[in-house]
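J.: Attaching a predicted model along with its sequence, questions to come.
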Protein chains: 2
Amino acid sequence: MVTIKQVAELAGVSFKTVSRVVNKEPGVKPANIVKVEKAIQQLGYRPNKAASLVRKKQSDIIGFISDEISTTPASVAILKGAQDMAWEKGKTLMVFNLDPNNPDKDKLYEECLQHRAEGIIYGAMYHQAVSFSKLFKTLPTVLVNCISTDNDFPAIVPDDEQAGYYITKQLLYKGYRKIAFLNLNPQIIAAKQRQQGYIKALNEYGIAEQNRHISAIETVINGETINIASKVAKQVISEFKPDAVLCGKDLAAIKVYFVIERLGLTVGKDIGVASFDNWHDIPEILEPGLSTMALPYYEMGRLAVSRLLSEIKKPGDISEYKMPCLLCDRASF
Amino acid sequence: MVTIKQVAELAGVSFKTVSRVVNKEPGVKPANIVKVEKAIQQLGYRPNKAASLVRKKQSDIIGFISDEISTTPASVAILKGAQDMAWEKGKTLMVFNLDPNNPDKDKLYEECLQHRAEGIIYGAMYHQAVSFSKLFKTLPTVLVNCISTDNDFPAIVPDDEQAGYYITKQLLYKGYRKIAFLNLNPQIIAAKQRQQGYIKALNEYGIAEQNRHISAIETVINGETINIASKVAKQVISEFKPDAVLCGKDLAAIKVYFVIERLGLTVGKDIGVASFDNWHDIPEILEPGLSTMALPYYEMGRLAVSRLLSEIKKPGDISEYKMPCLLCDRASF
DNA sequence: GAAATTTTGGACAACGTTGTTATATTGTCT
DNA sequence: AGACAATATAACAACGTTGTCCAAAATTTC
């Protein structure tokens, strides 16, 4: 690769002058700037970031550690948001995925340290509590879509309670009075919080106990999550006879659509359907389009980076930021 | 950050000795190895990769440039495969996504050059032809899920013709004789090649012209792709009356399922359905499970890295590698 | 016990940058 | 024209590491 000295030689100046031109420092006369720029062009010179890091002790690198990025599109949006914001701030993201068979967070953290990352973003594929070794205290660190079991890191999570509350309120507002909630595995944070929001909204409208229903569409057997949405939906719809169904995720809503159709009913007319995720193309593919609470992953990713950067400047804020969710209103209720 | 010299001081040896221990070079007596390792532990020393790169002129970094990673889960699997293989080979992936509003490949390439990446992988979100500036000739480069318009780069793409051929053959083998192909936008490479495979299989079975049908489920208006799968499916199924439908993608198959159900028919019994993608959880969520040709994205990502590494060692192989696709057999035909 | 050989350690240069400081060049004002 | 400031350039050290080479120490051989 061509170095700064070769450029200097071709341009007929000292290599320090070239450095000044490259870094847009003042104090180089215009004629020399032109000469240097021509030489850079001609030789195809690019500054060596590693060398610059060694000297400046500033890497402009942010480490992004993710658990299982490929399993769900969620983390992809987080990553994209983080990458965009990083780019805007002149930083580069170095992305590492945990190996699901051998999830060693510390090993990836070490890698980031060796690259002299200035901070770390840890992203999870679903809203959960994660425990971290004390190694994670080495650099400023921000969690996205998860919280620390010890609550000792700044975190950015979706406001699942608000989401549950808001969409239930919307259903009630539109006149539905018997809303069944087919929730995710009740162990996970998102499920618990959404349920609270659901209940809060029902309480505000004074919905009677016999017009409420919550059941889980997932059960955990031997650590594996089993999806039983179809069976549960069939049963709940025919027995509880709701006028609307609130699903824990869009992928389950697909099943609910099928169940409703097979019962000879029409979604959005005979029975309302609502959901959480806004999972890629799914809500738009369904007919009628699925109204669903969008989880603001992209924005969370962006916020993670900007928050990390302020954490680097001025550490100490370990609060949990709850990102509000937005309703994507279509025609299913 | 703690440096090699601080470690040396604490261990009571010269800093070169520490370097030898860190790099597992021979010629350090066991007692000193222990002393050095203890000092490293105690101070939390990590070698500075940037400094090492400056000296060794080897970055162990591979640049990964992707167009629009977030739009489709496809590229995520490619990325994951690439990352896994890179990790196995002791390399680090530096990931960059094109900004869809301002897709400047060269700018990202420059970034990789500045980090002294040893090679570049360019991944596309769907099988297509892409044109590259001559800047891309700077480093060894491998394309994934796309080819160069000038055919001047090694590329790894799915074997869409084989996929179309294989799944059609399977349908025929199971007794279907009137297979409608609801293909993607016929402009794109995948659609063209799958169609060739479809036709080749039908020819082998001597299927008559009136028992063949191809139509597009996508149309392009002003550069925007419009999905018209539902309308087309309804029309084709009621008029052409196929005994099986081959869909261009799983997301369209969902629509086809609904159309079939609404006509009072049952998928897998009255009419077979097959598709392409094996798009995340979709095929399993459908009932019956959707039999679909899996696009081997993860494997393509892995191969991209290993091929790039051999390209770095011995350049010159610009052939196009067609990755065979596998049928994920479920119950829809 | 001395010489020859092997093992181990350390001094120094180098990698491609940037920061600091001294020097050379230019311009301005008396 | 000369003094002085301002500006532009150059020389050199430093960043944290690895490669080279030679010296010192330890070990083996005679």
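T.: Noted; the coordinates are in hand.

J.: CA only for contacts and neighbour counts going forward, please
T.: Fine.

J.: Just the helices from the stretch 201-333 of chain A, written as ranges.
T.: For the stretch 201-333 of chain A, the helices defined by DSSP state H, counting those that start in this stretch cover A:229-239, A:250-262, A:282-285, A:297-313.

J.: Select, out of these, the one closest to residue B:132.
T.: Nearest to residue B:132 among the helices of the stretch 201-333 of chain A is helix A:297-313 (28.9 Å), distances taken as Cα to Cα.

J.: isn't residue A:35 right up against residue A:11?
T.: Yes: the pair residue A:35 / residue A:11 is scored as a contact, 5.5 Å apart, by Cα atoms under 8 Å.

J.: Stretch A:50-59 near DNA strand C anywhere?
T.: Yes: counting by Cα under 7 Å from any atom of the strand, contacts between stretch A:50-59 and DNA strand C involve A:51, A:52, A:54, A:55, A:56.

J.: Look at the second one and say how many residues are nearby.
T.: When you say that, I think you mean residue A:52. 15 (other Cα atoms under 10 Å in any protein chain shown).

J.: Before we move on, what's the pLDDT of it?
T.: Here, the pLDDT recorded for residue A:52 equals 93.

J.: Over to residue A:20?
T.: 88.

J.: so how far is residue A:90 from it?
T.: 19 Å (Cα to Cα, to the nearest Å).

J.: need the residues of the stretch 51-200 of chain A near DNA strand D, please.
T.: Residues of the stretch 51-200 of chain A lying near DNA strand D (Cα under 7 Å from any atom of the strand): A:51, A:52, A:54, A:55, A:57.

J.: Can you tell me which of these is nearest DNA strand D?
T.: Distance to DNA strand D, by Cα to the nearest atom of the strand, is smallest for residue A:55 among these, at 3.4 Å.

J.: got the contact list for whatever helix or strand that closest one lives in?
T.: Here residue A:55, judged by DSSP states H and E, is contained in helix A:49-56. Outside helix A:49-56, the residues within contact range by Cα atoms under 8 Å, 6 or more residues apart in numbering or on different chains are A:59, B:50, B:51, B:53, B:54, B:114, B:115, B:116.

J.: Filter the residues of the stretch 51-200 of chain A next to DNA strand D down to the buried ones.
T.: The neighbour-count test (16 or more other Cα atoms under 10 Å in any protein chain shown) marks A:51, A:54 as buried among those.

J.: Tell me which two of the residues of the stretch 51-200 of chain A next to DNA strand D sit farthest apart.
T.: A:51 and A:57 (9.7 Å).

J.: quick one, domains of chain A?
T.: A:4-47, A:62-157+A:297-322, A:160-294 (automatic domain parsing).

J.: can you redo these as JSON lines with mean neighbour count and distance to DNA strand C?
T.: Below are those laid out as JSON lines (neighbours: other Cα atoms under 10 Å in any protein chain shown; distance: least, Cα to the nearest atom of the strand, whole Å):
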{"stretch": "domain A:4-47", "mean neighbour count": "16", "distance to DNA strand C": "4"}
{"stretch": "domain A:62-157+A:297-322", "mean neighbour count": "20", "distance to DNA strand C": "14"}
{"stretch": "domain A:160-294", "mean neighbour count": "19", "distance to DNA strand C": "42"}
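
J.: wait, which of those domains is closest to residue B:104?
T.: Relative to residue B:104, the nearest member of these by Cα to Cα is domain A:62-157+A:297-322, separated by 13.2 Å.

J.: Break down chain A into its strands, ranges please.
T.: A:61-67, A:92-98, A:119-130, A:141-148, A:155-158, A:179-183, A:212-216, A:218-221, A:224-227, A:244-247, A:272-277, A:291-294, A:320-323, A:326-328 (DSSP state E).

J.: Quick check: which ranges of chain A have low pLDDT?
T.: A:69-73 (pLDDT under 70).

J.: Now do residue A:307 against residue A:129, distance only.
T.: Distance from residue A:307 to residue A:129, by Cα to Cα: 20 Å.

J.: How about residue A:321?
T.: With Cα to Cα as the criterion, residue A:321 and residue A:129 are 14 Å apart.

J.: sorry, back to before: could you find which two of the contacts of helix A:49-56 are furthest from each other?
T.: B:51 and B:114 (14.6 Å).

J.: what's around the residue in chain A positioned nearest to chain B, how many residues?
T.: Of chain A, the residue with the smallest distance to chain B, taken as Cα to the nearest Cα, is residue A:50 at 4.6 Å. Residues lying near residue A:50 (other Cα under 10 Å) number 26.

J.: now do the one 10 residues further on
T.: Residue crowding around residue A:60 was assessed by other Cα under 10 Å; the count is 17.

J.: sorry, back to before: mind checking the domains of chain A for the one nearest to residue B:40?
T.: Across these, closest to residue B:40 is domain A:62-157+A:297-322 (Cα to Cα), at 13.5 Å.

J.: can you pull the contacts of the closest residue to residue A:299 other than its chain neighbours?
T.: Distance criterion Cα to Cα, 6 or more residues apart in numbering or on different chains; nearest residue to residue A:299, sequence neighbours excluded, is residue A:81 at 6.1 Å. Going by Cα under 8 Å, 6+ apart, residue A:81 touches A:297, A:298, A:299, A:300, A:301, A:302.

J.: now residue A:112
T.: Residue A:112 touches A:63, A:94, A:120, counting by Cα under 8 Å, 6+ apart.
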